[in-house]
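Undergrad: I'll drop the sequence and a predicted model, then ask my questions.
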Amino acid sequence: MTVNEYNEAVDLYSDRLFRFVLKSIRDTYAAEDIVQDSYEKLWKNVENVDGTKVKSYLFTTAYHTMIDRIRKEKRSAYSEELNLPEESHENNYSDLGEILKEAVNRLPEIQRMVLLLRDYEGYSYQEIGEMANLNESQVKVYIYRARVFLKNYIGKMETVV
Amino acid sequence: MKITRDNYEEHFLDYLEGNLDEKLVDDFIDFLRQNPDLKTELEMAGTVKVELENVSFANKEKLYKDKFDQETEFNHTAVALLEGDLKENEKAEFENYLSTHPEKQKETTLFEKTRLKADKTIVFRKKKKLYRYSAGRTILLWSTRIAAVLVLGLLIYRVTDNFLNQNFLPENQVAVSEMEPKDEPAEPTAEPAKPEKKDEPAQVEKKVTEPVRKTEPKKEPAKSLRETTKGRMDHERIAEAKIPVEIPEKLSPRDASFSIPQPEIALAHVKISLSDTPAEFYEERLLGDVVREKTGIGNLSLNKVAKAGLNLVSAVSGEKFSFETNDNGEITELNYDSRLLAFTVPTKKD
């Protein structure tokens, strides 16, 4: 991979990677850090990464960085989380987008990330599996569970509205 | 158990169905002998047989269940349809099911709504930080940045210096208005100018000295006044040494015209033939122009220099500092954004 190809990868994928990470962890500064880390790792391996697999490399790196962060945060804040009150259901939703956003936020992290990879980037089950170290069936199950959860949430909220 | 008139029915039923216990057969016969009326009842009951009628349930269709009626199966298929995982026959089967179960179409519509769409307005702001350059380009880039900062510094120094110098003028002008009624010719002041200011431009000096002439009676003249007086004195000395020039009388205007005779000779015809191929032109150009064009120095403007300087500041601050430009490329605002503090300073008034 050449320097030009690397810089093209910045133009092509940094926004998409940022969106994926931001939606997954919902922390702008952390998302920026993860995007920068991913590109830093890409740069360190610039000679070993095939130009055609850059996008996959970036998303895989970002995915695993996020998983590591989430695990660390859960370990350190597990007891605090237990005492957290459940999020209020009395939000005022103006449209479906808001309801869906709220529903996505309530998904378990892995389901959310897998679904984002599927819907935002259009990755196949196999590709997602390779990125997330999951087999195809697991990916399908996560996507299935996520969609059913979202559908039920939307349905419930629409009824309430 | 002894058979009596109170419990004979169950024994009669056992007898009719062939289930009567063998131990009770003798008792049963004795009971029938003793109760001939019940024997007649038993004979009557033995002949009764209910025939099976050909009756069927008409709404059986409504009771049938499809595999998609199972919630799990339906959800799986609906998700598979959404993901494009269904084969043609499976898809047709599911769609057929939906057409016969309109109440389920709402469910599939809800599933369609779960498809997430990326928000394109979300962009990564720190792209500049990710770009990498070759060593040569990096050196050139840093050289340009350093040069830009130096030029910027020089400009700021010049502007500040000019501003400070200009600030002395109003003080002197106040003095002028006070002394104006005297209406006397200006006399040179006795204060000698400082030697280091000798090389100031004549124009500036003149501006400064003019008020000085009228502020002669002031006991404590301004610093700038003293500095410029000597120059004025020198000037006057030179003026005194001038030889008066006689001005000639004003000349009256004269009319004059030229008449050009038109040639009567016919012009000769000249044929010019142009070759098909365009001639090559060699343009003589100055080396300075070539260098200016190649390096882009000619395009250098204050705005570009300022931007280069701000880019450097942005890079040094880890992109916490940034700036916004308008459509004309002019810098409109300066931003500082860190985890603890964020502010914006507009540079242009609307």
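TA: Nice, thanks for sending it over. Residues are numbered from 1 along each chain as shown, chains lettered A, B, ... in the order given.

Undergrad: when you work out contacts or count neighbours from here on, use the C-alpha atoms and nothing else.
TA: Fine.

Undergrad: residue 98: helix or strand, and which one exactly?
TA: Looking at chain A here, since you left the chain open. When secondary structure is defined by DSSP states H and E, A:Glu98 falls within helix A:96-105.

Undergrad: not quite, I wanted chain B
TA: When the helices and strands are read off by DSSP H and E, the one containing B:Leu98 is helix B:88-100.

Undergrad: on that earlier part again, would you mark the buried spots in the helix holding A:Glu98?
TA: By neighbour count with 16 or more other C-alpha atoms under 10 Å in any protein chain shown, helix A:96-105 contains the buried residues A:Ile99, A:Leu100, A:Glu102, A:Ala103, A:Val104.

Undergrad: the longest strand in chain B is where?
TA: Ranked by residue count and defined by DSSP state E, the top strand of chain B is strand B:331-337.

Undergrad: now the element after the helix holding A:Glu98, going C-ward?
TA: Along the chain past helix A:96-105, the next helix or strand (assigned with DSSP H and E) turns out to be helix A:109-121.

Undergrad: for that following helix, which positions count as buried?
TA: Counting neighbours by 16+ other C-alpha under 10 Å, one finds that the buried residues in helix A:109-121 are A:Glu109, A:Ile110, A:Gln111, A:Arg112, A:Met113, A:Val114, A:Leu115, A:Leu116, A:Leu117, A:Arg118, A:Asp119, A:Tyr120.

Undergrad: of those, which are in range of chain B?
TA: Judged by C-alpha under 8 Å from any C-alpha of the partner chain, the overlap between the buried residues of helix A:109-121 and the neighbourhood of chain B comprises A:Leu116, A:Asp119, A:Tyr120.

Undergrad: circling back: counting by contacts, list what the longest strand of chain B packs against.
TA: For strand B:331-337, the helices and strands in contact under the criterion 3 or more C-alpha pairs under 8 Å, 6 or more residues apart in numbering or on different chains; DSSP states H and E are strand B:321-325, strand B:342-346.

Undergrad: what's stretch B:15-30 in contact with?
TA: Contacts made with stretch B:15-30 from outside it, assessed by C-alpha atoms under 8 Å, 6 or more residues apart in numbering or on different chains, are listed as B:Met1, B:Lys2, B:Ile3, B:His11, B:Asp14, B:Gly46.

Undergrad: still on that earlier bit, can you tell me which of the helices and strands packed on strand B:331-337 is most buried?
TA: Looking across the helices and strands packed on strand B:331-337 with neighbours counted as mean count of other C-alpha atoms under 10 Å in any protein chain shown, the highest average goes to strand B:321-325: a mean of 17.

Undergrad: anything in that strand near chain A?
TA: No. Contact between strand B:321-325 and chain A, assessed by C-alpha under 8 Å from any C-alpha, is absent, since the two come no nearer than 15.5 Å.

Undergrad: what angle do that strand and strand B:342-346 make?
TA: 40 degrees (axes from the mean of the first three to the mean of the last three C-alpha atoms, to 10 degrees).

Undergrad: with only the CA atoms kept, save strand B:321-325 in CSV.
TA: C-alpha atoms of strand B:321-325 as CSV (Å, rounded to 0.1, in the frame of the first residue of the first chain):
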residue,chain,number,x,y,z
PHE,B,321,-7.3,25.3,17.4
SER,B,322,-9.1,25.7,14.1
PHE,B,323,-10.5,28.4,11.8
GLU,B,324,-13.4,28.9,9.5
THR,B,325,-13.4,30.7,6.1
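
Undergrad: so which elements touch it?
TA: Taking 3+ C-alpha pairs under 8 Å, 6+ apart as contact, the helices and strands that strand B:321-325 lies on are helix B:302-316, strand B:331-337.

Undergrad: list the buried ones in the helix holding B:Leu98?
TA: If you call a residue buried by 16+ other C-alpha under 10 Å, then helix B:88-100 has these buried ones: B:Lys91, B:Phe94, B:Tyr97, B:Leu98.

Undergrad: equivalent analysis for stretch A:46-58, please.
TA: For stretch A:46-58, burial by neighbour count (16+ other C-alpha under 10 Å) applies to A:Val46, A:Val49, A:Val54, A:Lys55, A:Tyr57, A:Leu58.

Undergrad: okay, the residues you listed in a markdown table with pLDDT and secondary structure next?
TA: Conversion of the buried residues of stretch A:46-58 to a markdown table gives the following (pLDDT from 0 to 100; DSSP: H, G, I helix; E, B strand; the rest coil):
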| residue | pLDDT | secondary structure |
| --- | --- | --- |
| A:Val46 | 85 | coil |
| A:Val49 | 88 | coil |
| A:Val54 | 89 | helix |
| A:Lys55 | 90 | helix |
| A:Tyr57 | 92 | helix |
| A:Leu58 | 92 | helix |
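
Undergrad: of all the ones next to chain B among the buried residues of helix A:109-121, which comes closest to B:Thr77?
TA: Within the set of these, A:Asp119 lies nearest B:Thr77; the separation is 18.0 Å, counting by C-alpha to C-alpha.

Undergrad: I'd say that closest one and B:Glu112 touch.
TA: No. When contacts are counted by C-alpha atoms under 8 Å, A:Asp119 is not listed as touching B:Glu112 (11.7 Å).

Undergrad: which parts of stretch B:123-135 are buried?
TA: For stretch B:123-135, burial by neighbour count (16+ other C-alpha under 10 Å) applies to B:Phe124, B:Lys126, B:Lys127, B:Leu130, B:Tyr131.

Undergrad: where does the stretch 101-250 of chain B have low pLDDT?
TA: Counting by pLDDT under 70, the stretch 101-250 of chain B contains low-confidence residues at B:167-244.

Undergrad: A:Ala30: what secondary structure?
TA: Under DSSP: H, G, I helix; E, B strand; the rest coil, the three-state class of A:Ala30 is helix.

Undergrad: pLDDT at it, what is it?
TA: Among the per-residue scores, A:Ala30 holds a pLDDT of 89.

Undergrad: that one and B:Asp21: what is the separation?
TA: In this structure, A:Ala30 and B:Asp21 are 87 Å apart, going by C-alpha to C-alpha, to the nearest Å.

Undergrad: turn the ones next to chain B among the buried residues of helix A:109-121 into a markdown table, including distance to A:Ile25 and pLDDT.
TA: Listed next are those as a markdown table, based on distance: C-alpha to C-alpha, whole Å; pLDDT from 0 to 100:
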| residue | distance to A:Ile25 | pLDDT |
| --- | --- | --- |
| A:Leu116 | 12 | 91 |
| A:Asp119 | 16 | 91 |
| A:Tyr120 | 15 | 89 |
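
Undergrad: can you tell me which residues contact B:Phe74?
TA: B:Phe74 makes contacts with B:Lys67, B:Phe68, as judged by C-alpha under 8 Å, 6+ apart.

Undergrad: phi, psi for B:Phe124 please.
TA: Taking degrees, to the nearest 10, you get phi -80, psi 120 for the backbone angles of B:Phe124.

Undergrad: how about the one 10 residues further on?
TA: Here the main-chain torsion angles of B:Ser134 (degrees, to the nearest 10) amount to phi -70, psi 160.

Undergrad: which residue sits closest to it, ignoring its sequence neighbours?
TA: A:Val3 (7.6 Å; C-alpha to C-alpha, 6 or more residues apart in numbering or on different chains).

Undergrad: related to what we said a few turns ago, check which helices and strands the helix holding B:Leu98 sits against.
TA: Here helix B:88-100 touches no other helix or strand, going by 3+ C-alpha pairs under 8 Å, 6+ apart.

Undergrad: quick one: is the helix or strand just after it near chain A?
TA: On the C-terminal side of helix B:88-100, the nearest following helix or strand under DSSP H and E is helix B:105-112. Yes. Between helix B:105-112 and chain A, judged by C-alpha under 8 Å from any C-alpha, the touching residues are B:Glu107, B:Leu110, B:Phe111.

Undergrad: quick check: buried residues in the helix or strand of chain A with the lowest mean pLDDT?
TA: Evaluated with mean pLDDT, DSSP states H and E, the helix-and-strand set of chain A has its lowest mean pLDDT in helix A:54-83, which scores a mean of 79. Within helix A:54-83, the residues that qualify as buried are A:Val54, A:Lys55, A:Tyr57, A:Leu58, A:Phe59, A:Thr60, A:Thr61, A:Ala62, A:Tyr63, A:Thr65, A:Met66, A:Ile67, counting by 16+ other C-alpha under 10 Å.
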